[in-house]
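Chemist: Build the 3D model from these lines:
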Amino acid sequence: METEKLVESWTQWDHLFEGGGTAEIGRGPHAIKISPYDPERRVWVVDDIREAIFVFSHDGKKLLMTLGEPGVPGNDESTSATRPTLPFCRTAPSSSAMAM
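Modeler: Reported below is the predicted structural model:
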């Protein structure tokens, strides 16, 4: 069985995943995805425990966007998410995202 090799570690963002359960239960984000259709190759990180999605530049140097309010469940028409999981959106060849 092959073992995976760590290529990069973005420890500068660890604070985003502290509190609210993610670090406390001993796991990181729910999913990390990159759309093959996105020319900028943005990195989407889904934290279903803290109920937020973080979008980073491909090199991990910039946090471009936060969807949802970390630690605040979405139970109304606010901007908060409710346990986001993938597929949280589908990407079309035009790089546009369509919410599900």
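Chemist: use CA for all of it now, contacts and neighbours both
Modeler: Will do.
Chemist: where along this structure do the strands fall?
Modeler: For the chain, the strands defined by DSSP state E cover 31-33, 43-47, 52-56, 63-67, 89-91, 97-99.
Chemist: could you dump those to JSON lines with mean pLDDT, distance to Val7 and mean neighbour count?
Modeler: Output for the strands of the chain, formatted as JSON lines (pLDDT from 0 to 100; distance: least, C-alpha to C-alpha, whole Å; neighbours: other C-alpha atoms under 10 Å):
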{"stretch": "strand 31-33", "mean pLDDT": "86", "distance to Val7": "14", "mean neighbour count": "14"}
{"stretch": "strand 43-47", "mean pLDDT": "89", "distance to Val7": "15", "mean neighbour count": "21"}
{"stretch": "strand 52-56", "mean pLDDT": "90", "distance to Val7": "16", "mean neighbour count": "22"}
{"stretch": "strand 63-67", "mean pLDDT": "92", "distance to Val7": "19", "mean neighbour count": "14"}
{"stretch": "strand 89-91", "mean pLDDT": "48", "distance to Val7": "25", "mean neighbour count": "15"}
{"stretch": "strand 97-99", "mean pLDDT": "42", "distance to Val7": "27", "mean neighbour count": "11"}
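Chemist: In JSON lines: these, plus distance to Glu2.
Modeler: As requested, the strands of the chain are arranged in JSON lines below (distance: least, C-alpha to C-alpha, whole Å):
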{"stretch": "strand 31-33", "distance to Glu2": "20"}
{"stretch": "strand 43-47", "distance to Glu2": "25"}
{"stretch": "strand 52-56", "distance to Glu2": "28"}
{"stretch": "strand 63-67", "distance to Glu2": "32"}
{"stretch": "strand 89-91", "distance to Glu2": "30"}
{"stretch": "strand 97-99", "distance to Glu2": "34"}
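Chemist: Spatially, which residue comes closest to Lys62, not counting chain neighbours?
Modeler: Setting aside the residues directly before and after it, Lys62 is nearest to Phe56 in space (C-alpha to C-alpha, 6 or more residues apart in numbering), at 5.6 Å.
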